[in-house]
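take this sequence and fold it.
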Amino acid sequence: MAERKAPRRTRERILETSLALFNARSAPQVTTAEIAGEMNISPGNLYYHFRNKEEIVGELCAQFEGRLTPLFADLDGRRVEVEDLWLWLHLLLERTGEYRFILRDVDVLAARDPVLNARLGRLLRQGIATMVELCHGLIAAGAMVASEREVAALARNVLLVATYWQSFDRIGRPAGAAADPGRAASQMLALIGPFLSGDGRALVERLGRDYL
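Predicted coordinates for the structure are as follows:
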């Protein structure tokens with residue numbers, strides 16, 4: 001029984017180590033030899049579980065999809081509060097942050113792997129659709145005023161920020177300054193705030209200040 005479990009554990013360690021290295025440096029810059037060296041295993045041992053780095057990236061992207069998919073569930077017509085919108089944005093940023101190399105390197109990774117490109121495209125469309133549903137819920141609750149065209153544009157813009165914020169932040173912040181995910185959240189809230197009214201708008205503006 002122990003012999004059967006050992007390969008699975010090594011496979012898990014490869015994924016965990018690769019994720020840490022990819023997040024720290026980016027997937028294109030990390031080699032399988034470096035992953036094996038970080039784990040103190042032979043390259044042959046690594047190749048027993050994954051034929052190449054692309055397979056490791058693919059498995060991590062599957063994990064990423066699994067983390068995001070629950071956020072894109074159908075709201076089923078339930079009442080939506082501004083707090084629901086804030087929580088959704090918070091969880092979206094938290095979970096994309098866990099696999100931040102994917103969105104930071106999205107252009108390179110997607111160009112190399114058509115399957116990955118299709119998978120990420122599907123996630124993006126699901127994210128936009130969920131944002132549209134949240135907006136519709138807020139409109140129905142009287143907390144938001146926006147036309148269908150404005151809702152569609154807002155949903156795309158929020159997911160645009162979520163997708164490309166890391167690249168924007170990396171080239172825009174001063175040299176040596178640490179990344180600040182709170183700025184992404186604040187930027188998203190700034191997009192949404194003008195469409196809200198009353199207490200909801202005040203809450204979003206306060207949350208935006210708190211993130212900064």
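
mind naming the longest helix for the protein?
Of all the segments assigned as helix in the chain under DSSP state H, the longest by residue count is helix 114-140.

could you point out the helix or strand that follows that one?
Heading C-terminal from helix 114-140, the first helix or strand you meet, by DSSP states H and E, is helix 148-172.

give me the angle between that next one and helix 114-140.
130 degrees (axes from the mean of the first three to the mean of the last three CA atoms, to 10 degrees).

buried residues in helix 148-172, which are they?
Of the residues in helix 148-172, 151, 154-155, 157-159, 161-163, 165-166, 169 count as buried by neighbour count, 16 or more other CB atoms under 10 Å. In short, each C-beta sits where N, CA and C put it, glycine included.

can you redo these as CSV with pLDDT and distance to S26?
Listed next are the buried residues of helix 148-172 as CSV, based on pLDDT from 0 to 100; distance: CB to CB, whole Å:
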residue, pLDDT, distance to S26
V151, 97, 35
L154, 97, 30
A155, 96, 28
N157, 96, 26
V158, 95, 25
L159, 95, 22
V161, 92, 20
A162, 91, 19
T163, 91, 16
W165, 87, 16
Q166, 83, 10
D169, 83, 14
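
with those residues in mind, which one is nearest to L116?
Of all the buried residues of helix 148-172, L116 sits closest to T163, with 14.2 Å by CB to CB.

the residue nearest to the closest one when sequence neighbours are not counted sits in which helix or strand?
Excluding its sequence neighbours, the residue lying closest to T163 (CB to CB, 6 or more residues apart in numbering) is L103, at 5.7 Å. Using DSSP H and E, the element containing L103 is helix 100-104.

run the chain-centre distance for that helix.
8 Å (CA atoms, centre = their mean, to the nearest Å).

in terms of contact, does N23 touch R100 like I think?
Yes: contact criterion CB atoms under 8 Å: N23 and R100 qualify, at 5.4 Å.

check the nearest residue to L75 once chain neighbours are set aside and give its pLDDT.
Spatially, and ignoring its direct neighbours in sequence, L75 is nearest to E133 (4.9 Å; CB to CB, 6+ apart). Per-residue pLDDT puts E133 at 92.

what's the answer for E16, then?
For E16, the pLDDT comes out at 96.

from G142, how far out is it?
In this view, E16 and G142 are 46 Å apart by CB to CB, to the nearest Å.

and Y164, by the same measure?
The spacing between Y164 and G142, counted by CB to CB, is 33 Å.

cool, Y48 as well?
For Y48, the distance to G142 (CB to CB) stands at 59 Å.

who has more neighbours out of these two?
Using other CB atoms under 10 Å, the more surrounded residue of Y48 and G142 is Y48, with 14 against 10.

what's the neighbour count on the nearest residue in space to A155 that is not next to it in sequence?
Nearest residue to A155 in three dimensions, chain neighbours excluded: M131, at 3.8 Å (CB to CB, 6+ apart). With neighbours defined by other CB under 10 Å, the count for M131 comes to 26.

list the contacts for M131?
154-155, 158-159 (CB atoms under 8 Å, 6 or more residues apart in numbering).
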